[in-house]
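Enquirer: Generate coordinates for the sequence data below:
(chains A and B)
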Amino acid sequence: AQSVTQPDIHITVSEGASLELRCNYSYGATPYLFWYVQSPGQGLQLLLKYFSGDTLVQGIKGFEAEFKRSQSSFNLRKPSVHWSDAAEYFCAVGRNDMRFGAGTRLTVKP
Amino acid sequence: KAGVTQTPRYLIKTRGQQVTLSCSPISGHRSVSWYQQTPGQGLQFLFEYFSETQRNKGNFPGRFSGRQFSNSRSEMNVSTLELGDSALYLCASSLASGTPNSEQYFGPGTRLTVT
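Expert: Reported below is the predicted structural model:
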């Protein structure tokens, strides 16, 4: 069965610091992997996606993620966090029946 | 290009009633998926429609149903509402289903409160 684990429920980083959000997945076939961001009261915005090919994918807002098949991971990174990045981040696996992780809430300290 | 739109944005219903939510996908998108988001269960997949056919269904009771029209607009219906149905219902559309160009774009959601 497909599933996604985001081990960190809440992360706090200082503005300007680097960020890494963890995601581990379980999927029977070649996974389609996604990262979404959700601001309070809003829908989900797609940050980036991985289908195949280059394992390092670039997304919007300066985010990137690396697919590591051997570790079943798809961690999200950003070299320098901005206050506007404070939101909830969701990793997802699947196709049109996506399974989402529980989310990681990011707080950015000034 | 306009994004995914959902109506209504907010809804308050009483236990036992039924409700219909509407979703208009991005122009040209043929797949619509529905998700339920609650604080306790997180984001859960309800069902997906592609070209008016239900392609996938999540693990929800039969009270939850949906349909898709020929213009790709979709509705979901919940009958005999329970308090636990209070949630944010999100609709997502994509060009295709199950292929590499099937990334989903989400609407703002409908906030349903059952009293």
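
Enquirer: Tell me the residues of chain A that contact chain B?
Expert: When proximity is defined by C-beta under 8 Å from any C-beta of the partner chain, chain A lies next to chain B at A:32, A:34, A:36, A:42-46, A:49, A:51-52, A:90, A:92, A:94-103. Bear in mind the C-beta positions are built from the backbone N, C-alpha and C, glycine included.

Enquirer: again, only using 7 Å
Expert: Taking C-beta under 7 Å from any C-beta of the partner chain as the contact definition, chain A meets chain B at A:34, A:42-44, A:46, A:49, A:51, A:90, A:95-100, A:102-103.

Enquirer: Spatially, which two of those residues are the most separated?
Expert: The most widely separated members of the residues of chain A next to chain B are A:42 and A:51, with 25.4 Å between them, by C-beta to C-beta.

Enquirer: Strands along chain A, start to end?
Expert: A:3-5, A:10-14, A:19-21, A:24-26, A:33-38, A:44-50, A:56-58, A:64-68, A:73-78, A:87-93, A:99-100, A:104-109 (DSSP state E).

Enquirer: one step back: between residue A:42 and residue A:51, which is the more surrounded one?
Expert: Legend: neighbour count by other C-beta atoms under 10 Å in any protein chain shown for residue A:42 and residue A:51, higher for residue A:51 (17 against 14).

Enquirer: Any idea how many residues pack against residue A:60?
Expert: Neighbour tally, residue A:60, other C-beta under 10 Å: 10.

Enquirer: pLDDT value on it, please?
Expert: Residue A:60 carries a pLDDT value of 95.

Enquirer: Next one: it from residue B:73, what distance?
Expert: 27 Å (C-beta to C-beta, to the nearest Å).

Enquirer: Also residue B:115?
Expert: Distance from residue B:115 to residue B:73, by C-beta to C-beta: 28 Å.
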